[in-house]
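J.: Give the three-dimensional model of this entry:
(one chain, ligands or ions: 1)
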Amino acid sequence: MSDTSTDIQSTETGTAADTAGTSSDAPTDADAVAPSTADRTGEIELAVDGLVKRFGGITAVDGASFEVEAGSITGLIGPNGAGKSTTFHCITGIHQPDAGTVAFQGQDITGIAPYQCADYGLVRTFQIAREMANMTVLENLMLPAKHQQGEALWRSVMPLARREVEEQERELLERVWDTLEFFEIEHIAEEKAGTLSGGQRKLLEMARALMTEPEMLLLDEPFAGVNPTLEQKLLEHIHELRADGYTFLIVEHDMDLIMEHCEHVIVMHQGSVLAEGVPGQVTSNEQVIEAYLGGEV
Ligand SMILES: Nc1ncnc2c1ncn2[C@@H]1O[C@H](COP(=O)(O)OP(=O)(O)OP(=O)(O)O)[C@@H](O)[C@H]1O
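T.: Numbering: from 1, shown residues only. I've put the predicted structure just below:
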């Protein structure tokens, strides 16, 4: 926690997020996507401590410190330029922080490469890159799968392993179809990613992230440009996955969505954490209202 932050955490329970999601005991469709993770409720999934990132004379992140509880949906909010995206980039290895540490499940992952983050089980969604736009939805899901072996290499150096390769391909395809079904996008499996609507693209981005078998997902503005129907679908999927043990950290400008669906909200301002707590506490926090939200909440 930085010096300027105001910790307003409390033991208050019964947030909207508790009721909007499914019971953590109930098996969900998310079971089809990945094996259920052990109940880690109460454990710290991600710990950011004293993070600093400068770009020349600009200090984009200025000693940000916060923790994300395992199995939670946590919102990271703040006005334009508060340092949210830079914080995401520092957590997931896109930027090297100038100071501070990032720990995932107790392991120091400060400054590691993005692909290494994914190996740890921490992944962020990415916009579908231009080169992916010409590939089908199905092909887009085949690419990021964890531990996928190069088929040609296997066949050339280990011809006897062909059955193993085929088994691996079958399992991968099964997982791809399970994921497509989970996100209810199997009907667009053969469509080119570049032809999808904004909302379908967001579903594909999340589906791609899930193919890496993460335990925590960082979502940067997952609802931007998404129509209300698909927004609802995305939210349902997030709650289902949360009920299955996944942890979410979401940067989102839509305050109503954050307040309704996150059980914990972290407010960044000028590169550090200004306040955090359950939604009701954040919206009634004087500092947040005066210094940052301008009385909008
Ligand atoms: N690559 C960069 N080079 C120089 N300055 C940068 C770079 N990335 C971010 N900044 C600056 O760092 C500050 C924080 O930016 P950042 O994008 O992290 O904020 P944000 O909270 O995500 O804002 P927004 O909600 O508008 O996306 C801003 O002043 C921004 O201009």
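
J.: Tell me how far Ala60 lies from the ligand.
T.: In this view, Ala60 and the ligand are 3 Å apart by C-beta to the nearest ligand atom, to the nearest Å. Any C-beta I mention is one placed from the backbone N, CA and C, and that applies to glycine too.

J.: So that residue belongs to a strand, correct?
T.: Yes. Under DSSP: H, G, I helix; E, B strand; the rest coil, Ala60 falls within a strand.

J.: what's the pLDDT at it?
T.: Among the per-residue scores, Ala60 shows a pLDDT of 98.

J.: Not counting its neighbours along the chain, what's nearest it?
T.: Nearest residue to Ala60, sequence neighbours excluded (C-beta to C-beta, 6 or more residues apart in numbering): Thr86, at 4.1 Å.

J.: Next: Arg54.
T.: Asp98 is the one closest to Arg54 (C-beta to C-beta, 6+ apart), at 5.3 Å.

J.: Ok, Gly199 next?
T.: Leu230 (3.0 Å).

J.: Pull the contacting residues for the one you found.
T.: Counting by C-beta atoms under 8 Å, 6 or more residues apart in numbering, Leu230 touches 197, 199-200, 202-203.

J.: Return the distance of it relative to Arg162.
T.: 41 Å (C-beta to C-beta, to the nearest Å).

J.: and if you look at Tyr115?
T.: In terms of C-beta to C-beta, Tyr115 sits 28 Å off from Arg162.

J.: likewise Gly121?
T.: 31 Å.

J.: Name the residue in these two with the higher neighbour count.
T.: Counted by other C-beta atoms under 10 Å, Gly121 and Arg162 do not tie: Gly121 has more neighbours, with 19 against 12.

J.: In this model Leu218 seems to touch the more buried one, though I could be wrong.
T.: No. Taking contacts as C-beta atoms under 8 Å, Gly121 lies outside contact range of Leu218: 11.8 Å.

J.: Quick one: end-to-end distance for stretch 125-138.
T.: With C-alpha to C-alpha, to the nearest Å as the measure, stretch 125-138 spans 17 Å from end to end.

J.: What residues of that stretch count as buried?
T.: For stretch 125-138, a neighbour-count test (16 or more other C-beta atoms under 10 Å) marks 125, 128, 132, 135-138 as buried.

J.: closest to Ser65 among the contacts of Leu230?
T.: Distances from Ser65 to the contacts of Leu230, taken as C-beta to C-beta, are shortest for Lys202 (29.6 Å).

J.: thought that closest one was touching Pro222?
T.: Yes. With contact defined as C-beta under 8 Å, Lys202 counts as touching Pro222 (5.8 Å).

J.: what do these two both touch?
T.: 125, 234.

J.: So between the two, which is more surrounded?
T.: Lys202 (26 against 23).

J.: now that one, what's its secondary structure?
T.: helix.

J.: pLDDT score assigned to it?
T.: So Lys202 comes in at 89 (pLDDT).

J.: Next up, the contacts around it.
T.: Contacts for Lys202 (C-beta under 8 Å, 6+ apart) come out as 125, 222-223, 225-226, 230, 234.

J.: rerun that using 6 Å as the cut-off
T.: Contact partners of Lys202, counting by C-beta atoms under 6 Å, 6 or more residues apart in numbering, are 222, 226.

J.: Pro144 now?
T.: Residues in contact with Pro144, defined by C-beta under 6 Å, 6+ apart, are 208, 211-212.

J.: quick one: which of those residues is nearest to Gly245?
T.: Nearest to Gly245 out of the contacts of Pro144 is Thr212 (C-beta to C-beta; 15.6 Å).

J.: Determine the number of other residues adjacent to the nearest residue to that closest one once chain neighbours are set aside.
T.: Leaving aside its sequence neighbours, Thr212 sits nearest to Ala118 (C-beta to C-beta, 6+ apart; 4.7 Å). Residues lying near Ala118 (other C-beta under 10 Å) number 19.
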